[in-house]
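Asks: Need coordinates for the following:
(one chain, ligands or ions: 1)
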Amino acid sequence: MKIPWAVMIGFFAMADAVPAFGQGSPGPIAELERVRVSGAELDPLTRCGIGRFMSCDIKDAIAKGLFETGLAPRFPDRVKCREIDEAYAISYTHKRDREQYHGGIDIPAPTGTPIVAAAAGTVVGKYLGEQSFRGIEIVLRHSPEDTGIPLWIYTQYSHFSEMPKVEVGQRVRMGEVLGPTGNTGIGRHGRQSGKRRPAIHFGAFFSASERYADIRDRIIPVDGYWMDPVALFRKKIPLDSASMKALPAGEKEVPISVMFEDGKTFPADTKIVWPYACSRR
Ligand SMILES: [Zn+2]
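Replies: Numbering: from 1, shown residues only. Next comes the predicted model:
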């Protein structure tokens, strides 16, 4: 019997869609393939506003929330945490030879200090960053269930001293060690200068859409926005930069949830922690 090609192709396509061995879940890699889009599917404002490519206008990034909010972290009493030395959206124009703003917060720590996942999530980006200001970098994607926040959140961890062992598609737990602090990333003249102080660059993005693109060493959420990473610790919406900037002064101090070196957290039921373990005084 002769089977028409169209029918055979249809059969193989169907066979592909059936999970192996009757497993109910498609697995993390298949899940990421389902929600990952090409760069061409991003709208131009999101592509430029989040991607900040050389051809892009900085106004797009500002329109997407890359401006100062006035938020400040407040660590729990009698707890010592590593602190921010360069805040969100401060001007980096002098560092970049063009108008630019800091796309996250920097927290200095000695070389080798473990950087931990701020929430449970899936590794979606892993970059060597040899031509990047951010150096060796990991990006996690967090579902609303992972954070308790009804949005898709992405957290970015940059300047590792060596390539983290976690792989794209891997799930990580809140507080799981991602890798060691370093100072990788090029300086303003395009070379790995080695002069940068060791620190984590910690960035965060959000979107109502579960989809994202991975283009030119950047994770760009579909319809995504910048956010002040400190806003993450509010653990609720709104967390967009305009709403954060408009908060009354008394609400601009955000209580920070932490993990201690023994793995315990404060508060005990938190789903979000500071990206370095803290210590009790
Ligand atoms: Zn930074």
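Asks: show me what contacts the residue in the stretch 101-250 of the chain that the ion sits nearest to?
Replies: At 3.3 Å from the ion, His201 is the closest residue in the stretch 101-250 of the chain, using Cβ to the ion. Bear in mind the C-beta positions are built from the backbone N, C-alpha and C, glycine included. Going by Cβ atoms under 8 Å, 6 or more residues apart in numbering, His201 touches Gly104, Ile105, Asp106, Arg134, Gln156, Tyr157, Ser158, His159.
Asks: Quick check: Ala246 vs Ile149, distance?
Replies: 19 Å (Cβ to Cβ, to the nearest Å).
Asks: neighbour-wise, which of these two wins?
Replies: Neighbours around Ala246 and Ile149, counted as other Cβ atoms under 10 Å, are more numerous at Ile149. The numbers are 22 against 12.
Asks: The more buried one: what secondary structure?
Replies: coil (DSSP: H, G, I helix; E, B strand; the rest coil).
Asks: What is the end-to-end distance of stretch 202-215?
Replies: With Cα to Cα, to the nearest Å as the measure, the ends of stretch 202-215 fall 19 Å from one another.
Asks: should've said stretch 56-65
Replies: Note: stretch 56-65 ends 15 Å apart using Cα to Cα.
Asks: Could you pull out the buried residues of stretch 228-239?
Replies: Neighbour-count burial for stretch 228-239, counted by 16 or more other Cβ atoms under 10 Å, picks out Asp228, Pro229, Val230, Ala231, Leu232, Phe233, Arg234, Lys235, Leu239.
Asks: pretty sure the first one contacts Ala89?
Replies: So that's Asp228. Yes - applying Cβ atoms under 8 Å, one finds Asp228 in contact with Ala89, separated by 7.1 Å.
Asks: tell me, what's touching these two both at once?
Replies: Thr69, Ser241.
Asks: follow-up on the earlier one: can you name the residues bridging to the residue of the stretch 101-250 of the chain closest to the ion?
Replies: Asp106, Ser158 (DSSP bridges).
Asks: and if you look at Gly179?
Replies: With DSSP bridges as the rule, Gly179 is bridged to Ile115.
Asks: which residues touch it?
Replies: Pro114, Ile115, Ile136, Ile138, Tyr157, Phe160, Ser161, Glu162, Met163, Pro164, Lys165, Val166.
Asks: do Glu176 as well
Replies: Val116, Ala117.
Asks: could you measure it against Ala117, distance?
Replies: Glu176 is 5 Å from Ala117, by Cβ to Cβ.
Asks: Check Met259 too.
Replies: Using Cβ to Cβ, Met259 is found at 10 Å from Ala117.
Asks: give me the low-pLDDT residue ranges for the stretch 101-250 of the chain?
Replies: 190, 192-194 (pLDDT under 70).
Asks: what ranges do the helices span in it?
Replies: 144-147, 241-245 (DSSP state H, counting those that start in this stretch).
Asks: In CSV, list those helices along with distance to the ion.
Replies: Formatted as CSV, those follow (distance: least, Cβ to the ion, whole Å):
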stretch, distance to the ion
helix 144-147, 22
helix 241-245, 16
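Asks: can the ones you listed go into TSV with extra columns for mean neighbour count and distance to Glu130?
Replies: Shown next, in TSV, are the helices of the stretch 101-250 of the chain (neighbours: other Cβ atoms under 10 Å; distance: least, Cβ to Cβ, whole Å):
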stretch	mean neighbour count	distance to Glu130
helix 144-147	16	30
helix 241-245	18	31
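Asks: wait, Glu68 sits on His102?
Replies: No - applying Cβ under 8 Å, one finds Glu68 not in contact with His102, separated by 9.2 Å.
Asks: hang on, the earlier thing: mutual contacts of Met259 and Ala117, please.
Replies: Common neighbours of Met259 and Ala117 (Cβ under 8 Å, 6+ apart) are Met174, Gly175.
Asks: If you count surrounding residues, which of these two has more?
Replies: Legend: neighbour count by other Cβ under 10 Å for Met259 and Ala117, higher for Ala117 (26 against 23).
Asks: Next up, the contacts around the more buried one.
Replies: For Ala117, the contact set (Cβ under 8 Å, 6+ apart) comprises Leu140, Thr155, Val172, Arg173, Met174, Gly175, Glu176, Leu178, Pro275.
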